[in-house]
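Undergrad: Below is the sequence, then the predicted model.
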Amino acid sequence: MIMMISSETQSPIDRSSAKSEVKDVSGEKIMIIDDEQEISELIRLYMEREGFTTFLCSRGDVAVAEIVREQPDLIILDVLLPGLDGIEACQEIRKITNVPIIFVSCKNDDMDKILGLRVGGDDYLAKPFHPGELVARVKAQLRRDRINHQQNITPKLLECGPLQINLENHEVCVEGKIVALSVKEFEILTILAQSPHRVFTHDQIMRLAWKEEPLECDNRTVMVHISNLRKKIETNPQNPRYILTVRGVGYKFGRSDSQ
C-alpha cells in the first residue's frame, strides 16, 4: 500500500507500509510541528521506523518553547498552523537555532516555496507527498548538517610527531614532557600549527598574536619570540623541525626537508 500525505489524509495508518530498508541514524531527534493529528502520527511512524526519536507540536505559538526544551536535530514544519503560522514560527525559530527546517504544506505555489526558503527553511515539500520522500529528505538534510558540523569543528589537540599542542588547556608537550611557554609563544605556535605549510609574514603574526597593527620595529619582537619558541620545542634550534623560516617572507609550520 502506498500512503500519500495530504491535508485530506483521514484513513487509518497502515503500519505495515512503513517498512525501513536502511537505518543510518542513531536516535537523532525530529520535531514535527503540524496541527493535523493524522498527518503528524503518520510522519512520526515513518520517522521512528527509521530510528529517529520524534516529538509532536500542534501550534506555532508554542513551537519555540518546545524546541528549547527538546533540542531537536531537525524540524518538520507545517505552514498553516494555529497561533502563529509556519512562516512566522520559522523566523522565531531561527533566532534560537540553526538546525535544518523542512516545510511541509498544501500551498504549492512557487512564491510560497521561495518565501519558506527565504525566511530560513532548508527544504520545502508540498502535499500530497509520499512519507518515504520526506524520510529521504530528512536524512539528506541531517547528513549535510553532520558534514558541515565536522568541517567546522576545531581540533582540540594538534600533533606533529613528538610535538603535541593541546588547545583546550594551553599545554604543549614534546616527547611526552610538558614545555612551559609564555602566552605569546603559545599563540604564535598555535597560529602556525593550525595552518601547516602556510607562510605567515611578521606583520600577520603581529596582527594575529598581539591584535594590533605592526610597526617597523615589531619585526624584531616577532623574531625574538620565534627564537625563544624554537629553543623550547626544537631538538636543534639551529636546524628547526617545526617552525621554519621562509627567507624574505616569514615563517611556516611543517617538517623541514632535512628531517
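TA: Cool, the structure landed.
Undergrad: Touching, Ile165 and Glu187? I think so.
TA: No - assessed by C-beta atoms under 8 Å, Ile165 is found out of contact with Glu187, at 11.1 Å. Glycine gets a C-beta too; all of them are placed from N, C-alpha and C.
Undergrad: Neighbour count: these two, which is higher?
TA: Neighbour totals were compared for Ile165 and Glu187, and Ile165 leads with 23 against 18 (other C-beta atoms under 10 Å).
Undergrad: Specify the local secondary structure of the more buried one.
TA: Using DSSP: H, G, I helix; E, B strand; the rest coil, the structure places Ile165 in strand.
Undergrad: Bridged to it, which residues?
TA: When assigned by DSSP bridges, Ile165 has beta-bridge partners Leu158, Val172.
Undergrad: In contact with it, which residues are there?
TA: With contact set as C-beta atoms under 8 Å, 6 or more residues apart in numbering, Ile165 has these partners: Leu157, Leu158, Glu159, Glu171, Val172, Leu189, Thr190, Ala193.
Undergrad: For Tyr242, see how far away it is.
TA: Separation of Ile165 from Tyr242 (C-beta to C-beta, to the nearest Å): 10 Å.
Undergrad: Mutual contacts of these two, please.
TA: Counting by C-beta under 8 Å, 6+ apart, the contacts common to Ile165 and Tyr242 are Ala193.
Undergrad: what pLDDT does the residue most central in space within the chain get?
TA: Nearest to the mean C-alpha position of the chain, counting by C-alpha atoms, centre = their mean, stands His149 at 2.4 Å. At His149, the pLDDT value in this model is 71.
Undergrad: Dump the C-alpha coordinates for the helix-or-strand element of the chain with minimal mean pLDDT into PDB.
TA: Here the helix or strand of the chain ranked lowest by mean pLDDT, DSSP states H and E is helix 131-152, holding a mean of 86. Taking Å, rounded to 0.1, in the frame of the first residue of the first chain, the C-alpha atoms of helix 131-152 are listed here in PDB:
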ATOM      1  CA  PRO A 131       6.300   9.800   3.500                       C
ATOM      2  CA  GLY A 132       9.200   7.900   2.100                       C
ATOM      3  CA  GLU A 133      10.200  11.000   0.200                       C
ATOM      4  CA  LEU A 134      10.100  13.000   3.400                       C
ATOM      5  CA  VAL A 135      12.300  10.400   5.200                       C
ATOM      6  CA  ALA A 136      14.800  10.700   2.300                       C
ATOM      7  CA  ARG A 137      14.900  14.500   2.600                       C
ATOM      8  CA  VAL A 138      15.200  14.400   6.300                       C
ATOM      9  CA  LYS A 139      18.200  12.000   6.000                       C
ATOM     10  CA  ALA A 140      19.800  14.200   3.300                       C
ATOM     11  CA  GLN A 141      19.500  17.300   5.500                       C
ATOM     12  CA  LEU A 142      20.900  15.600   8.600                       C
ATOM     13  CA  ARG A 143      23.800  14.100   6.500                       C
ATOM     14  CA  ARG A 144      24.600  17.600   5.200                       C
ATOM     15  CA  ASP A 145      24.300  19.100   8.700                       C
ATOM     16  CA  ARG A 146      26.700  16.500  10.100                       C
ATOM     17  CA  ILE A 147      29.300  17.100   7.400                       C
ATOM     18  CA  ASN A 148      29.100  20.900   8.000                       C
ATOM     19  CA  HIS A 149      29.400  20.400  11.700                       C
ATOM     20  CA  GLN A 150      32.500  18.200  11.300                       C
ATOM     21  CA  GLN A 151      34.100  20.700   9.000                       C
ATOM     22  CA  ASN A 152      33.600  23.500  11.500                       C
END
